[in-house]
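*Asks:* could you look at this predicted model? Sequence included:
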Amino acid sequence: MRTTPRLLVAAATATALAACSGGGAVDGAPGGSGVRDPYFPKAGNGGYDIGHYDLTLAYDPDDRHLTGTAAITARATQDLSAFNLDLKGLDVEEVTVEGRDARFNRAGQELTVRPADELDDGETFRVTVRYSGEPVTITDPDDSEEGWLPTADGAVGLGQPTGSMAWFPGSHHPSDKATYDLRVTVPEGLGAVSNGELTGESTHGGRTTSTWHVGEPMASHVVTVAVGEWETERFTTDAGLPVHTAVDPRQAGASREVLGRIPEVMEWAVENFGPYPFSSTGAIVDRVADAGYALETQNRPYFPGAPDTVLLVHELAHQWYGNSVSPETWRDMWLNEGFATYAEWLWQEDQGGDTAQETFDALYDGTYYDDADANASIWAFPPAEPPDAEHISASPVYQRGAMVLHKIRQAVGDEAFPGLLRGWAAEHRHGNAATEDFTAYVEKSAPDEDFTAIWEDWLYGDGRPDSP
């Protein structure tokens, strides 16, 4: 058979395309730009799972300049011709995949990467992003600020719910957890405190570098780097758990007593919630004006100013409920805040204060707060169904979420309830869970009880239930 000129051209074109695609036709497809969270649909990314972040950062507070290299190890969950990373602001200078230059482009918070060779389903790969610039502060739908927040003597990275994309690229949704190594360099005289374990610290040429390792899975919204002047203390609890605290010198006196109770709180928490899920604990205490809220950053919660004991209990309880057992989506936020709020009630009860029943009754009767609007706000929406992103941290998620747990305690009894709390933390240790997982777990744990009214009236029901 003769070969015509047209066939020769077609054959040459096919050969060129094969060469450009690494030796074969492109079979993969781009990964999703977001995991379609009901409130933050662009958060996270599809087509791969991240296993580890290796972050090298340098920050100069004087000009607020951050230089970073993020080396991310991930596994493709489909054949990938391209994939996305979440990154808000900053200038991307270079991206490589498996050591080869990759094409990339930016659109909003999406950094789209096109590797030189497509990635096969199941393949483990390493993407490295070099970037720099002045990190942005992100304003949440509820008007709170997160991301990279400048402080009086440095900065702090706070990520809930999406702020971590302001200072490192990644898949920023709680459903994609990973381990971390962080290497942070700052001017001499300042320190950088992060999650996990401090594995090294050195000063050369007027710069101090601290390295931190997180060996347990961590959602990106509870990653932190706090840069500033610190008084640090390291000790262990009676059970041998390392405690690492870092306190702004101006808050040292006010913080000393409450931070000294960390071993006591941890012993109480282990008794109530089960084995501690991480390798160390502690706290970071910054100046009062440096951030507008405390956050349950993994291993050591962040506080703007010295906390009281109840707030310390709340944030340490999150290490079980929120950090180890993380929400499947941001709709499941009550599984974080309802549990941590109920931990407050249990602590006060065990310390001789109001019982959990008395707290529940005051909330139901509308006498808990001095302000009538605050009392009414508890019934604004069901804790399992915030109406939008603006309300995922509103009062019903916290207080009415805790009331759901108290109703379950009433149903199963005081003897069975602690085992239910411990079992939930154990069943989803270092994982993610949705509200549907929790209701199924409760029903499985107490098969003789009927929880229908609790789910319908307290968890999903509108307004104040007719009876407490």
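*Replies:* Yep, it's here. Numbers count the residues shown, from 1 in each chain.
*Asks:* which residues touch Phe438?
*Replies:* By Cβ atoms under 8 Å, 6 or more residues apart in numbering, Phe438 lies in contact with Leu335, Trp424. Glycine gets a C-beta too; all of them are placed from N, C-alpha and C.
*Asks:* secondary structure element for it?
*Replies:* Take DSSP states H and E as the rule and Phe438 turns out to sit in helix 435-445.
*Asks:* dump that helix to CSV, restricted to CA.
*Replies:* This file holds the C-alpha atoms of helix 435-445, laid out as CSV (Å, rounded to 0.1, in the frame of the first residue of the first chain):
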residue,chain,number,x,y,z
THR,A,435,-22.0,13.9,61.6
GLU,A,436,-23.5,10.7,60.0
ASP,A,437,-20.5,8.7,61.3
PHE,A,438,-21.1,10.0,64.8
THR,A,439,-24.9,9.3,64.9
ALA,A,440,-24.2,5.7,63.6
TYR,A,441,-21.5,5.3,66.2
VAL,A,442,-23.8,6.3,69.0
GLU,A,443,-26.6,4.0,67.8
LYS,A,444,-24.1,1.1,67.5
SER,A,445,-22.7,1.8,71.0
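*Asks:* give me phi/psi at Gly46?
*Replies:* phi -100, psi 160 (degrees, to the nearest 10).
*Asks:* what do you get for the one 4 residues further on?
*Replies:* With angles defined as degrees, to the nearest 10, Ile50 sits at phi -90, psi 130.
*Asks:* now Ala155, nearest residue through space, not along the chain?
*Replies:* Leaving aside its chain neighbours, Ala155 sits nearest to Val227 (4.9 Å; criterion: Cβ to Cβ, 6 or more residues apart in numbering).
*Asks:* Ala434 reaches Trp330, doesn't it?
*Replies:* No - using Cβ atoms under 8 Å, Ala434 is not in contact with Trp330, being 11.0 Å away.
*Asks:* mind listing the strands the strand or helix carrying the residue nearest to Ala155 pairs with, and their directions?
*Replies:* With elements taken from DSSP H and E, the one containing Val227 is strand 225-228. When pairing is defined by DSSP bridges, strand 225-228 lines up against strand 155-158 (antiparallel), strand 191-194 (antiparallel).
*Asks:* ok, which of those comes nearest Val127?
*Replies:* Nearest to Val127 among those is strand 155-158; the distance by Cβ to Cβ comes to 20.7 Å.
*Asks:* contacting residues around His244?
*Replies:* Contacts of His244 by Cβ under 8 Å, 6+ apart are Leu198, Thr232, Glu233, Arg234, Ser280, Thr281, Gly282, Asn299, Arg300.
*Asks:* how far away is it from Lys42?
*Replies:* Counting by Cβ to Cβ, to the nearest Å, the gap between His244 and Lys42 amounts to 35 Å.
*Asks:* circling back to that earlier point, which residues sit against the helix or strand just after the helix holding Phe438?
*Replies:* Downstream of helix 435-445, the next assigned helix or strand under DSSP H and E is helix 452-453. Outside helix 452-453, no residue is within contact range by Cβ under 8 Å, 6+ apart.
*Asks:* what mean pLDDT does helix 452-453 have?
*Replies:* Helix 452-453 shows a mean pLDDT of 98 in the predicted model.
*Asks:* return the distance of that helix from the chain's centre.
*Replies:* Computed by Cα atoms, centre = their mean, to the nearest Å, the separation of helix 452-453 from the middle of its chain amounts to 32 Å.
*Asks:* hmm, back to that, can you name every helix or strand that the helix or strand just after the strand holding Val227 contacts?
*Replies:* Remark: after strand 225-228, the chain's next helix or strand is strand 231-236, criterion DSSP H and E. Applying 3 or more Cβ pairs under 8 Å, 6 or more residues apart in numbering; DSSP states H and E, one finds that strand 231-236 contacts strand 242-247.
*Asks:* and Ser280, how many residues sit next to it?
*Replies:* Ser280: 18 surrounding residues under other Cβ atoms under 10 Å.
*Asks:* next: Val325.
*Replies:* Under the neighbour criterion other Cβ under 10 Å, Val325 is assigned a count of 26.
*Asks:* and for Thr236?
*Replies:* 11.
*Asks:* for the closest residue in space to it that isn't next to it in sequence, give me its contacts.
*Replies:* Spatially, and ignoring its direct neighbours in sequence, Thr236 is nearest to Pro242 (5.5 Å; Cβ to Cβ, 6+ apart). Going by Cβ under 8 Å, 6+ apart, Pro242 touches Glu197, Arg234, Phe235, Thr236, Ser279, Ser280, Thr281, Gly282.
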